[in-house]
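**Student:** build me a model:
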Amino acid sequence: MIVVSKTFPVNQIYDTSRIGPLKDIAFIDIETTGLSASGSGLYLIGIAYHRQMEWHLRQWFADSLSAEQEILTDFFEFLRDFQIIVTYNGDSFDLPFLEKCAAQYSIPFEREKYESFDLYRKIRPLKKLLSLDNLKLATMEAFLGISRENPTSGKDMIPVYEQFLETRDESLYHDLLLHNEDDIRSLPELLVLLSYLDIFRCDWKLAGFSLNSEDSMLTAVIDCSISVPVAFSYTTTLYTVSIRANQIIIDMPIFSGELKYFFDHVSEYDYLPEEDRAVHHKVAKFVDKAYRVKATPQTCYTRKTGVFLPMLQLDSMFDLFREEYDSPVCYTEFREDPDFLLSYFRLLLSGSSS
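**Tutor:** Residues are numbered from 1 along each chain as shown. Sure thing, here's the model as predicted:
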């Protein structure tokens, strides 16, 4: 067994207090000779952690096939000082593999004592949001501009390890450690990917808005309490969102003109054809019967002229207007009120981070 320890810098770090105390967090990545613990070996374990104002890297390398048990024993002993395990797809691979390997050697590993934070699972919504081809580690590193010295995959390193066992070539040993080191060192920096989800949930303040009646467009700028490292934008059928640093910019079409508000409890209303509106029975009783008929769902409305915003999701806090009863798009009336606009935009963008 060979154990390597060193310190390293982290260029950008997420506010880990959202996950837990930094001193309790261990970033883990393993290297194996296959996907199944029952038919494959474990030859390298890497861990990154923070102590005494510095980031530390520790690696356990099996320099022989018989060293697997030794690196597992030493690693699990070291892991006792932590409570949270951060991995990238570790819930599906790293942790089950470690658990099976430990069981083979009767090494105690009470996995349930540790809180698992699988970054890969947390950022799944980003594939659609950021228009990414996939969520592979290399793809996410490239998006954030994280470079690595060894661009090979874990699968590519399997024959390298086998060759090392045969030749004891020192350069192969360094390549194996470097690949794992790159994986481990990127994990703390990859946590900033969570900011692309958090920005839709953090504190917002309306920085300003403009309403262009000629182009029928609304532009709003929202200041957020957190920032994203790389700007991006996306477009839906009803709006375009651009996110830069700590700002969300929304551009969307508005509706200017007359729409209808349809009442609930249709049986309580009469329709007045000459006025083209519905009124409650309490009011309708003062209207001559010749000028009123029983309201139907299609005629149980009142009309309003103004500026309206489209609604993708229905919410009881907003009054809904339509062009007709069966119109597919709903609207709510625009109000120059920051609290109203922030509530509206939160509802509008609520599906972006899920």
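
**Student:** tell me where the stretch 151-300 of the chain has helices.
**Tutor:** With DSSP state H, counting those that start in this stretch applied, the stretch 151-300 of the chain shows helices at 154-167, 170-190, 195-198, 281-284, listed in chain order.

**Student:** state the mean pLDDT of the last one.
**Tutor:** Along helix 281-284, the predicted confidence averages to a pLDDT of 93.

**Student:** show me the shaky parts of the chain.
**Tutor:** Screening the chain residue by residue with the criterion pLDDT under 70, one finds the ranges 37, 149-151, 315.

**Student:** ok, now with 80
**Tutor:** Low-confidence segments of the chain, defined by pLDDT under 80, span residues 12, 35-39, 148-154, 213-214, 312-317, 351-354.

**Student:** quick check: domain ranges of it?
**Tutor:** Domain assignment for the chain, taken from automatic domain parsing, gives 2-196, 201-253, 255-349.

**Student:** now, of these, which is deepest in the fold?
**Tutor:** domain 2-196 (a mean of 17; mean count of other C-beta atoms under 10 Å). From N, CA and C alone the C-beta is placed, and that goes for glycine too.

**Student:** tell me the contacts of the closest residue to residue 163 other than its chain neighbours?
**Tutor:** Counting by C-beta to C-beta, 6 or more residues apart in numbering, residue 172 is the residue found nearest to residue 163 once chain neighbours are left out, at 5.8 Å. Under the criterion of C-beta atoms under 8 Å, 6 or more residues apart in numbering, the contact partners of residue 172 comprise 160, 161, 163, 164.

**Student:** again, but for residue 41
**Tutor:** By C-beta under 8 Å, 6+ apart, the contact set of residue 41 is 32, 33, 34, 62, 65, 68.

**Student:** grab the nearest non-local neighbour of residue 131.
**Tutor:** residue 234 (6.9 Å).

**Student:** kindly report the same for residue 281.
**Tutor:** Leaving out its chain neighbours, residue 281 is closest to residue 268 (C-beta to C-beta, 6+ apart), at 5.7 Å.

**Student:** might one say that that neighbour is in contact with residue 280?
**Tutor:** Yes. Under the criterion of C-beta atoms under 8 Å, residue 268 makes contact with residue 280 at 5.9 Å.

**Student:** now for residue 354, how many residues are close by?
**Tutor:** Neighbour count for residue 354, taken as other C-beta atoms under 10 Å: 9.

**Student:** partners of residue 249 in the sheet?
**Tutor:** Beta-bridge pairing for residue 249 (DSSP bridges): residue 221, residue 242.

**Student:** against residue 241, how distant is it?
**Tutor:** For residue 249, the distance to residue 241 equals 7 Å [C-beta to C-beta, to the nearest Å].

**Student:** what do you get for residue 328?
**Tutor:** Residue 328 sits at a distance of 22 Å from residue 241 (criterion: C-beta to C-beta).

**Student:** for residue 105, same thing?
**Tutor:** Counting by C-beta to C-beta, the separation of residue 105 from residue 241 is 52 Å.

**Student:** try residue 350
**Tutor:** Taking C-beta to C-beta as the criterion, residue 350 is separated from residue 241 by 12 Å.

**Student:** what do you get for residue 223?
**Tutor:** Applying C-beta to C-beta, the value for residue 223 to residue 241 is 15 Å.
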